[in-house]
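Visitor: Below are the sequence and a predicted model; questions follow.
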Amino acid sequence: MTKINENFLLLQAGYLFPEISRRVKVFTTDNPDSAIIKLGIGDVTEPLPPAIVEAMHKAVDEMGSKQGVKGYGPERGYDFLIEKIIKNDFAPRGITLDSSEIFVSDGSKCDTGNFQEVFDTDNVIAVTDPVYPVYVDTNVMAGRGGKADSSGRYADIVYMPVTPDNNFVPELPKEKVDLIYLCYPNNPTGAVASKARLKVWVDYAKKNNAIILFDAAYEAFISDPDIPHSIYEVDGAKEVAVEFRSFSKTAGFTGLRCAYTVVPKQLKAYKKDGSTIDVNAIWNRRHCTKFNGASYISQAAAASVYSDTGKTQIRQTINLYMSNAKLIRESLTALGYEIYGGVNAPYVWLKTKDNMTSWQFFDYLLEKANIVGTPGSGFGSAGEGFFRLSAFGSPDNVIEALQRFKKI
Ligand code: MLT
């Protein structure tokens, strides 16, 4: 008799984005003439910049030649990419990293979901509420969640509400926690965390022998020069934090796949006997066992992001998305909506109209304006009454969506 991992049975409903797609499909089947505008999932819509396309063409030609063909690459990523990552993403911010501390992968969703695997199942995890659902669901699958209550909160997880009252950066938990997931710029609220607020967390982690799993997938959207792009800008963070970075939103790689995770050599976890062990060595063992490396073509494409032309071109695309965000913020504020985010992040977080629940507002927007957004409650119970709009749509669609908002 083959037994299933019953932790999977504890998961609530479907994963948020497939559930939204399912509802949209039902609606479009019933209303085939509706012109849906999707501002739901944070998925890019602009084409890949020419510098990246060119790098991929070149890589494809190499792969098609006797001299240039590549088989399995290094599991942790090619040196040509890792060197550029360190030189461009960290060195200018005064952060020194060794190439052995960078792990290139095919996406931050996988990395943030997989990383928990190297920690014991009896660690207590803490997440913000609302939160990117991958952190929670992967821990539930591993057995760290326990049962969910009627609001969808799991008994064994510590939830830290992020609301307008705390500027969407959580207070320290009252309980002792071991693994803390933080995402700044934040998905879904679009908020950012100052260096001082991150320092509070680094200090907490040091004091409690905890580890911070810091998701910085949206750092490229920061425009405020005082906001840190990396948790390692905080002194001592290398001793307590893993950082996840992605080319998905930065450079339009959602359909191409390339990301990386930083696991500093100073980062320690504990064995049952109380002695320490290097997390880098354990993650390296796990990564090289379960992963054969991101494709050469994706990594060549990622390396081109750091060329002068690549940098200019990706900045143009980021600026385009951020002007969408500005337009959404300004237009909806003028219509009387309470708006957050959208300044240093590509997500706008708004209070629903007339106290509708998040899903009521989802249905209302879908039916009355044929606009798809993401219900805040899908990210956690503290997201109830909120709604997320993504700025990754095409400018024409964003303008059209805002016209429709005016009419309803
Ligand atoms: C989101 O919309 O929250 C993200 O695009 C999902 C993801 O990055 O996996």
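Guide: Alright, I've got the coordinates.

Visitor: what sits against Tyr260?
Guide: 77, 82, 85, 102-105, 244-246 (C-beta atoms under 8 Å, 6 or more residues apart in numbering). All C-beta atoms are positioned from the backbone trio N, CA, C, and that covers glycine.

Visitor: hang on, it is in a strand, isn't it?
Guide: Yes. Counting by DSSP: H, G, I helix; E, B strand; the rest coil, Tyr260 is located in a strand.

Visitor: how near is it to the ligand?
Guide: With the distance defined as C-beta to the nearest ligand atom, to the nearest Å, Tyr260 ends up 15 Å from the ligand.

Visitor: now Lys406
Guide: For Lys406, the distance to the ligand - C-beta to the nearest ligand atom - is 25 Å.

Visitor: of all the contacts of Tyr260, which comes closest to Phe168?
Guide: Minimum distance to Phe168 across these is 18.8 Å, recorded for Phe244 (C-beta to C-beta).

Visitor: That closest one - that's part of a strand, no?
Guide: Yes. Assigned with three-state DSSP, Phe244 falls within a strand.

Visitor: need the contact list for the residue in the chain that the ligand sits nearest to.
Guide: Going by C-beta to the nearest ligand atom, the ligand is nearest to Gly42 of the chain, at 3.2 Å. Applying C-beta under 8 Å, 6+ apart, we find Gly42 in contact with 187, 249, 346-347, 390, 392.

Visitor: now do 10 Å
Guide: Contacts for Gly42 (C-beta atoms under 10 Å, 6 or more residues apart in numbering) come out as 17, 132, 187-188, 217-218, 248-249, 254, 321, 345-347, 374, 388, 390-392.

Visitor: Shouldn't it be within a strand?
Guide: No. Assessed with three-state DSSP, Gly42 is coil; it does not lie in a strand.

Visitor: Need the per-residue pLDDT for it.
Guide: Listed pLDDT for Gly42 reads 92.

Visitor: how near is it to Thr254?
Guide: Going from Gly42 to Thr254 by C-beta to C-beta, to the nearest Å gives 8 Å.

Visitor: Val202 too?
Guide: The value you get for Val202 to Thr254, if C-beta to C-beta is used, is 30 Å.

Visitor: Have a look at the two and say which one is more surrounded.
Guide: Counted by other C-beta atoms under 10 Å, Val202 and Thr254 do not tie: Val202 has more neighbours, with 22 against 18.

Visitor: hmm, back to that, overlap of the contact sets of Gly42 and Thr254?
Guide: Taking C-beta under 10 Å, 6+ apart as the contact rule, Gly42 and Thr254 both touch 248, 392.

Visitor: can you pull the contacts of the closest residue to Gly293 other than its chain neighbours?
Guide: Once flanking residues are discounted, Gly293 sits nearest to Gly73: 4.2 Å by C-beta to C-beta, 6 or more residues apart in numbering. Applying C-beta under 10 Å, 6+ apart, we find Gly73 in contact with 81, 104, 292-296, 299.

Visitor: now do Gly341
Guide: Gly341 touches 168, 185-192, 325, 328-329, 347-350, 388-389, 391, counting by C-beta under 10 Å, 6+ apart.

Visitor: Lys195: how many residues sit nearby?
Guide: 14.

Visitor: try Arg153
Guide: Around Arg153 there are 19 other residues, counting by other C-beta under 10 Å.

Visitor: tell me the mean pLDDT over stretch 212-221?
Guide: Computed over stretch 212-221, the mean pLDDT rounds to 98.

Visitor: close to the ligand, is that stretch?
Guide: No. Judged by C-beta under 6 Å from any ligand atom, stretch 212-221 stays clear of the ligand, getting no closer than 6.8 Å.

Visitor: Please state the offset of that stretch from the chain centre?
Guide: How far stretch 212-221 lies from its chain's middle: 7 Å, per C-alpha atoms, centre = their mean, to the nearest Å.

Visitor: now do stretch 39-48
Guide: Centroid separation for stretch 39-48 versus its chain: 14 Å, with C-alpha atoms, centre = their mean.

Visitor: Now do the contacts for the closest residue to Glu367 other than its chain neighbours.
Guide: Spatially, and ignoring its direct neighbours in sequence, Glu367 is nearest to Phe27 (7.4 Å; C-beta to C-beta, 6+ apart). Residues near Phe27 by C-beta under 10 Å, 6+ apart: 34, 36, 363, 366-367, 370, 372.

Visitor: Buried residues in the longest helix seen in the chain, which are they?
Guide: The longest helix of the chain (DSSP state H) is helix 308-334. Residues 310-311, 313-314, 317-318, 321-322, 324-325, 327-329, 331-332 are the ones in helix 308-334 that count as buried (16 or more other C-beta atoms under 10 Å).

Visitor: following it, which helix or strand comes up?
Guide: Note on helix 308-334: by DSSP states H and E, the next helix or strand toward the C-terminus is strand 339-341.

Visitor: quick one: Ala55 is in a strand?
Guide: No. Ala55: not assigned to a strand; according to three-state DSSP it is helix.

Visitor: That one: how many residues sit nearby?
Guide: 22.

Visitor: residues contacting it?
Guide: Residues in contact with Ala55, defined by C-beta under 10 Å, 6+ apart, are 48-49, 297, 299-305, 307, 310.

Visitor: Recalculate using a threshold of 7 Å.
Guide: Contacts were defined as C-beta atoms under 7 Å, 6 or more residues apart in numbering; by that measure Ala55 touches 300-301, 303-304.

Visitor: hmm, back to that, any idea which of the buried residues of helix 308-334 is closest to Lys109?
Guide: Nearest to Lys109 among those, with distances taken as C-beta to C-beta, is Tyr321, at 19.2 Å.

Visitor: pretty sure that closest one contacts Phe392?
Guide: Yes. Counting by C-beta atoms under 7 Å, Tyr321 touches Phe392, with 5.7 Å between them.
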